[in-house]
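>>> This is a predicted model, with the sequence first.
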Amino acid sequence: MATPDIRKPSWVTYWSWGSGDMLGAGAQAVITGWLAYFFITFCGLSAVETGLILGLPRLLEAITCPLIGYISDNLRHTWVGRRIGRRKIFLIVTIPLLPAFALIFVTGQTFTYYLLTFVFFEFLYTMFLIPWETLAAEMTKDYKEKAKFAGVRMLIAQSSAILASYLPTLIINHFGGKDSSGTFLIMAAIFGGLFSLVVLLVVLFTWERPYTEAEKLIQPEPMDWAKAALIPVNMFRDLFSTLRIKAFRQHLSLYLGGYISQDIFNTAFPLFVATVMMGATLVISQLMTTMYVAQLISVMIAINVVIRTGPTVAYRMAISFVGAALLLFLAFYLIRPAGFAEGLTALGGNLFGGGASPTVLFWLFVPIILAGLGRGTLNFVPWSVYNYLPDVDEAVTGQRREGIFAGVMTFVRKIAQSGAIVVTTSLIGLGGYISADKAHPGVAVVQSPEAVRAVVLVMVGGPILVMLWGLWMSWSFRLNARTHEVLIHEVERLRAGATEAESDESKAIVENLTGWRYERLWGRG
């Protein structure tokens, strides 16, 4: 099979593709950081109702995530795939619809309204995210270039998270309305416009995997309804086949260990600030901004650490930082530092204005900065690794299946996130947490000691448990720059017809990554 001309990514390519995470991470920063707080504080929804709204759409995506990945993989030899692009057709459809994000943040609506608007946006989000995630793996096979794509993506992701956390502060400062629901509607409208803009940049300045000369000879396939009817069967067959790749199974454990811990923290943290630290929207916004700035710095460091040493060292360091932050939050709850509440009140809600005592500064900023330094790396590591997983899969199957891997990752992520949010809000609700009165949105409700304790235990204990699981799995993960180079070399040999490894070391590395004996690779198993 002739290899197509290699097209090299430029800085425009890196940043245009990476800008897509303004939607990918930006939307999630708003949703996980603010939506539960918004529903409970301004819409009068209970913690359980909030959990259902945030969790149920993820269960529906158990179908849509792998389906979109499967369909986009199989559009390559169709008229749409040839003329528009098997990935880009999905991106183009979302551009005019993404401003609908603002509809979620309209107050005074029913449970059904919030559920349906959130389901609609999550479907658009999935329709963009899965095809977009495949593009970095399609544009290059080079380890360092893939690391750059992942790095730029994470820089954009953390920048969008900073914007999501600080926009409420800017809106309150410029338009007033402290503790007003209008703050969140303006924020969502701004993000909705940005989402459409960045998807347009991705469409204009990225490309899909080029066709080989042999592929160009394949005629576009007409619509076959019999094949279409088998899509669900084939989709789930491919879905579960990815789990036969050892490196991918290990990667999912690292991925979920890092991300579920953040889902739990993001859901509970605004309530922790409101009930334990006695802060309101402005304080929550500024603390989250601090955390996301620290995450941005962490990603910059993690890019170099992952390139030089591999992902697992960075991952373990990140877990230690987040664990230290959570223990400090627990210590704050247990000792209730003397003078903290008075010192916070004296700041008037502006944590960046200066004049705070060392005690207040320590408890406000040290734990949240530690959390940010760890979370940025926990975000970066799994997506830096993802770009290499289709190469491992190719050694086993002889196929390129970027779409189905993106679909599986998003599918697993959504299911896990759904469970994390539902369990988090349910436990907080069972602990006795009381939502705001619908007739008086935004008015603080005095919570019982039991309700406050439930918030603290969920926010601290939940993340620690899932991070320990990811930490344990990291000790057996072997994908890094050196092993990836050996893998790529062996894939080229397999493509050329080789049936035996070049050396015993090469054989051991490839078998460890794939989980398959060498003689069964390249579709022979």
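Yep, that arrived. Numbers count the residues shown, from 1 in each chain.
>>> Run through the stretch 401-525 of the chain and note the low-pLDDT ranges.
Residue ranges of the stretch 401-525 of the chain with pLDDT under 70: 436-444.
>>> Can you show me the helices along the stretch 1-150 of the chain?
With helices called from DSSP state H, counting those that start in this stretch, the stretch 1-150 of the chain shows them at 11-18, 21-30, 36-42, 47-73, 79-83, 88-94, 111-139, 143-175.
>>> Same list (those) but as JSON lines, adding mean neighbour count and distance to Ala274.
C-beta: built from backbone N, CA, C; applies to glycine. What follows is those, written out as JSON lines (neighbours: other Cβ atoms under 10 Å; distance: least, Cβ to Cβ, whole Å):
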{"stretch": "helix 11-18", "mean neighbour count": "19", "distance to Ala274": "34"}
{"stretch": "helix 21-30", "mean neighbour count": "25", "distance to Ala274": "18"}
{"stretch": "helix 36-42", "mean neighbour count": "25", "distance to Ala274": "8"}
{"stretch": "helix 47-73", "mean neighbour count": "22", "distance to Ala274": "13"}
{"stretch": "helix 79-83", "mean neighbour count": "14", "distance to Ala274": "49"}
{"stretch": "helix 88-94", "mean neighbour count": "19", "distance to Ala274": "34"}
{"stretch": "helix 111-139", "mean neighbour count": "22", "distance to Ala274": "20"}
{"stretch": "helix 143-175", "mean neighbour count": "21", "distance to Ala274": "14"}
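>>> Nearest to Leu430 among these would be which one?
Closest approach to Leu430 among those (Cβ to Cβ): helix 47-73, 8.6 Å.
>>> Now the closest one: average pLDDT?
For helix 47-73, mean pLDDT is 81.
>>> list the helices and strands it packs on?
Applying 3 or more Cβ pairs under 8 Å, 6 or more residues apart in numbering; DSSP states H and E, one finds that helix 47-73 contacts helix 36-42, helix 111-139, helix 231-241, helix 402-430.
>>> Would you format these as a markdown table with distance to Val152 included?
Shown next, in a markdown table, are the helices and strands packed on helix 47-73 (distance: least, Cβ to Cβ, whole Å):
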| stretch | distance to Val152 |
| --- | --- |
| helix 36-42 | 30 |
| helix 111-139 | 9 |
| helix 231-241 | 29 |
| helix 402-430 | 17 |
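>>> Run a quick neighbour tally on Ala338.
Burial measure for Ala338: 9 neighbouring residues, criterion other Cβ atoms under 10 Å.
>>> Any stretches of the stretch 251-400 of the chain with poor pLDDT?
In the stretch 251-400 of the chain (pLDDT under 70), the answer is 280.
>>> can you list the residues that contact stretch 327-336?
With contact meaning Cβ atoms under 8 Å, 6 or more residues apart in numbering, stretch 327-336 is reached by 272, 276-277, 363, 366-367, 370, 452, 456, 459-460.
>>> Widest-spaced pair of the residues you listed?
It's Leu370 and Val452 that sit farthest apart of these, by Cβ to Cβ, at 22.3 Å.
>>> Who has more neighbours out of the two?
Taking neighbours as other Cβ under 10 Å, Leu370 and Val452 compare with Leu370 leading, 22 against 19.
>>> circling back to that earlier point, tabulate the contacts of stretch 327-336 (JSON lines), appending distance to Thr206.
Shown next, in JSON lines, are the contacts of stretch 327-336 (distance: Cβ to Cβ, whole Å):
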{"residue": "Phe272", "distance to Thr206": "40"}
{"residue": "Val276", "distance to Thr206": "45"}
{"residue": "Met277", "distance to Thr206": "43"}
{"residue": "Trp363", "distance to Thr206": "44"}
{"residue": "Val366", "distance to Thr206": "40"}
{"residue": "Pro367", "distance to Thr206": "39"}
{"residue": "Leu370", "distance to Thr206": "36"}
{"residue": "Val452", "distance to Thr206": "48"}
{"residue": "Val456", "distance to Thr206": "44"}
{"residue": "Met459", "distance to Thr206": "38"}
{"residue": "Val460", "distance to Thr206": "41"}
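>>> got any ranges where the stretch 1-150 of the chain has weak pLDDT?
Across the stretch 1-150 of the chain (using pLDDT under 70), the flagged ranges come out as 1-6, 62.
>>> With Ala325 as the reference, measure out to Gly431.
Here Gly431 is placed at a distance of 22 Å from Ala325 (Cβ to Cβ, to the nearest Å).
>>> who's more crowded, the two?
More crowded of Gly431 and Ala325, by other Cβ under 10 Å: Ala325, with 25 against 19.
>>> residues touching the closest residue to Glu133 other than its chain neighbours, list them.
Sequence neighbours aside, Ala406 is the residue nearest to Glu133 in space, at 4.1 Å (criterion: Cβ to Cβ, 6 or more residues apart in numbering). Ala406 sits next to 69, 129-131, 133-134, 386 when contact means Cβ under 8 Å, 6+ apart.
>>> And Ala406, how far from Met139?
Remark: distance between Ala406 and Met139 (Cβ to Cβ) = 14 Å.
>>> List the contacts of the closest residue to Phe205 other than its chain neighbours.
Nearest non-adjacent residue to Phe205, counting by Cβ to Cβ, 6+ apart: Ser16, 3.5 Å away. If you count contacts by Cβ under 8 Å, 6+ apart, Ser16 has them with 201-202, 204-206.
>>> How about Leu427?
454, 458.
>>> hmm, 10 Å instead?
The contact partners of Leu427, by Cβ atoms under 10 Å, 6 or more residues apart in numbering, come to 47, 51, 264, 268, 433, 454-455, 457-458, 461-462.
>>> count of neighbours near Leu75?
22.
>>> residues contacting it?
Contact analysis of Leu75 by Cβ under 10 Å, 6+ apart lists 81-82, 84-87, 89-90, 131, 220-221, 403.
>>> Phi first, then psi, for it.
phi -90, psi 0 (degrees, to the nearest 10).
>>> Same check on Val106?
Backbone torsions of Val106, given as degrees, to the nearest 10, read phi -90, psi 120.
>>> Tell me how far stretch 299-312 lies from the chain's centre.
18 Å (Cα atoms, centre = their mean, to the nearest Å).
>>> again but with stretch 445-462, I slipped
Distance of stretch 445-462 from the chain centroid (Cα atoms, centre = their mean) equals 26 Å.
>>> Now Met291. Nearest residue, chain neighbours left out?
Here the nearest residue to Met291 in space, its sequence neighbours aside, is Gly372; by Cβ to Cβ, 6+ apart that works out to 3.9 Å.
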